[in-house]
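Colleague: Got a sequence here, can you model it:
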Amino acid sequence: MRIVLMGAPGSGKGTQAQRLVKQFSIPQISTGDILRKHRSEGTELGKRADAIMAKGLLVDDATMLEIIRDRVTQPDAQDGFILDGFPRTQPQAEGLAALMLELGTPLDAVVLFEVGDAELVRRISGRRTCSLCNKVFNVYTAPPSSPASDCVDGSTEHQLFQRKDDEEGTVKERLRVYAEKTQPVVSYYLRTGQLRTVRAEGSLEEITERLLAALAEAVAPAPAVTAPRKARKKAPVKKAVARKRVARRAKPKAKARARRIVRKSAAKRAAPKRKVAKRVRVARKKARPTARRTRARRGK
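Modeller: A predicted model of the protein is given here:
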């Protein structure tokens, strides 16, 4: 499966991405990680990105897409991948779609993790980092153990501090910027029909179940759409066939009409004969008394 995960900072998409890695045995691709890898290895793409960042600029879309191309064409990504943190803008989304089309491997789903702003602020502002072991905890959802048996040797307590990025005021501004920049990308994937939303609040298991259900819906074949009976168009009929059909339907009517005409004609022809016969009968009736009287006289 080829999946894009979208979500605000603190939405939990990174945690769920790790679960999908185990579920589908496909790599999680973080643009930040692969960009650092190219820079550390001194590749051509890494040098190009270094030159851009040295000027205080963001890495351009063309360079990012080349980095993505290099990563998704590697052997471990042939069965799929999970893109985390990319695309961030509509041009990047359009460029990614063109790249996937060129490679013949279109995206299967784009999943947006939905979490209320108040919950996001609580999650992020609750983060604490240990200055000794660099582990990240959350005072609300994953507090450190006490005593700190998992910290560095000799320490009984974690030395926790809050990063500047995790302070409540900073978090609210980060969420505002995220919403402003991400909305065009969300709208783009809504238009393509690839976007699936998952409510990312609740236990990890509940969110994972919703995520897997959304992915199953995304890859399920679309049901065949059949036109209603009234909307169906009849197949075109050739003119010769149509004329034959009309002739067949017209034959019984023509025969009946012909029979009526014959009967009327016969009746007209027979009318004078009937009149003559009637006159003969009337004349005979009138002649009978006269004939009887004549015979009677002769008998006398």
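
Colleague: tell me the domain ranges of the chain?
Modeller: Residue ranges for the domains of the chain, per automatic domain parsing: 2-116+168-219, 237-300.

Colleague: Ranking these by mean neighbour count, which comes first?
Modeller: Neighbour counts (mean count of other CB atoms under 10 Å) averaged over each of these peak at domain 2-116+168-219, with a mean of 16. Heads up, the C-betas are built off the backbone N, CA and C, glycines and all.

Colleague: Dump the domains of the chain into TSV; add distance to Arg127 and mean pLDDT as well.
Modeller: Putting the domains of the chain into TSV (distance: least, CB to CB, whole Å; pLDDT from 0 to 100) gives the following:
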stretch	distance to Arg127	mean pLDDT
domain 2-116+168-219	8	89
domain 237-300	73	65
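
Colleague: Can you say which of those domains is nearest to Pro144?
Modeller: Comparison of the domains of the chain against Pro144 by CB to CB identifies domain 2-116+168-219 as nearest, at 17.8 Å.

Colleague: circling back: would you list the domains of the chain in a markdown table and tack on distance to Ala148?
Modeller: Below are those laid out as a markdown table (distance: least, CB to CB, whole Å):
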| stretch | distance to Ala148 |
| --- | --- |
| domain 2-116+168-219 | 23 |
| domain 237-300 | 86 |
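
Colleague: how about the helices in this protein?
Modeller: Counting by DSSP state H, the chain has helices at residues 13-24, 31-41, 44-54, 61-72, 90-103, 117-125, 168-192, 204-219, 239-299.

Colleague: now what about the third one, what contacts it?
Modeller: Read that as helix 44-54. The contact list for helix 44-54 (CB atoms under 8 Å, 6 or more residues apart in numbering) reads Leu35, Lys37, His38, Arg39, Ser40, Leu58, Val59, Asp60, Thr63, Glu66, Ile67, Asp70.

Colleague: Tell me if I'm right that Ala200 and Met6 touch.
Modeller: No - between Ala200 and Met6 there is no contact under CB atoms under 8 Å: 10.9 Å.

Colleague: which neighbours do those two share?
Modeller: Listed as contacting both Ala200 and Met6 by CB under 8 Å, 6+ apart are Lys13, Phe113.

Colleague: tally of neighbours for the nearest residue in space to Arg122 that is not next to it in sequence?
Modeller: Spatially, and ignoring its direct neighbours in sequence, Arg122 is nearest to Tyr140 (6.2 Å; CB to CB, 6 or more residues apart in numbering). The tally of other residues near Tyr140 (other CB atoms under 10 Å) stands at 11.

Colleague: now the one 4 residues further on
Modeller: Pro144 is surrounded by 19 other residues when neighbours are defined as other CB under 10 Å.

Colleague: For it, what are phi and psi?
Modeller: phi -70, psi 160 (degrees, to the nearest 10).

Colleague: mind checking how far the residue most central in space within the chain is from Ile3?
Modeller: Nearest to the mean C-alpha position of the chain, by CA atoms, centre = their mean, lies Gly193 at 4.4 Å. Distance, Gly193 to Ile3, using CB to CB, to the nearest Å: 15 Å.

Colleague: before we move on, the earlier item: of the domains of the chain, which approaches Cys151 most closely?
Modeller: Closest among those, using CB to CB: domain 2-116+168-219, at 22.1 Å.

Colleague: can you give me the end-to-end distance of the closest one?
Modeller: End-to-end distance of domain 2-116+168-219: 10 Å, with CA to CA, to the nearest Å as the criterion.

Colleague: How far away from the center of its chain is that domain?
Modeller: 20 Å (CA atoms, centre = their mean, to the nearest Å).

Colleague: Now for Asp117, how many residues are close by?
Modeller: Asp117, neighbours per other CB under 10 Å, totals 13.

Colleague: Check Ser149 too.
Modeller: By other CB under 10 Å, the residues close to Ser149 number 8.
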